[in-house]
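Asker: Prediction below, plus the sequence it came from.
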Amino acid sequence: MLSSLIGNFGWVVHNVNSTSLRQAITPPALQGRVHATWHFLVTGMLPLGALAGGALGQAFGLRPAIALAACGSAIASLWVIFSPLPKLAAIPEVGAE
């Protein structure tokens with residue numbers, strides 16, 4: 001329950017921040033394409049994750065599969081933590097490098 005609470009809160013914070021940043025740095029003419037691509041990539045991974053989770057649960061049992069999923073979720077955030085994003089003080093201008 002605690003994992004779901006933290007994960008759901010984190011997803012909301014991530015979604016608001018990532019959408020705001022993408023909209024700020026994407027030229028207006030490309031915003032629809034960028035959003036559609038992002039949405040496709042995120043939701044397109046859900047069935048693959050469900051299949052992988054089912055295969056892991058079948059192969060190793062439910063508890064190890066859930067533990068592995070929890071570790072994978074924690075590790076997945078490392079690329080953001082060690083990226084330049086936490087040091088971003090202001091949203092860059094469109095087209096600025």
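Answerer: Good, I have the coordinates. Please read all numbers here as calculations on a predicted model, not as lab measurements.
Asker: what's the neighbour count on residue 68?
Answerer: Neighbours of residue 68 under the rule other CB atoms under 10 Å: 15. No exception for glycine: its C-beta is placed from N, CA and C like everyone else's.
Asker: can you pull the contacts of it?
Answerer: Taking CB atoms under 8 Å, 6 or more residues apart in numbering as the criterion, residue 68 is in contact with 56, 60.
Asker: Let me know the secondary structure of it.
Answerer: Using DSSP: H, G, I helix; E, B strand; the rest coil, the secondary structure recorded for residue 68 is helix.
Asker: what's the spacing between it and residue 57?
Answerer: Residue 68 sits 10 Å away from residue 57, taking CB to CB, to the nearest Å as the criterion.
Asker: can you check residue 40 too?
Answerer: Going from residue 40 to residue 57 by CB to CB gives 26 Å.
Asker: Just want to know which of the two has more residues nearby.
Answerer: The neighbour count for residue 40 versus residue 57, taken as other CB under 10 Å, is higher for residue 57 (16 against 10).
Asker: Now that the more buried one has come up, it's in contact with residue 69, right?
Answerer: No. The criterion here is CB atoms under 8 Å, and residue 57 misses it with residue 69 at 9.4 Å.
Asker: Good, we can wrap up now.
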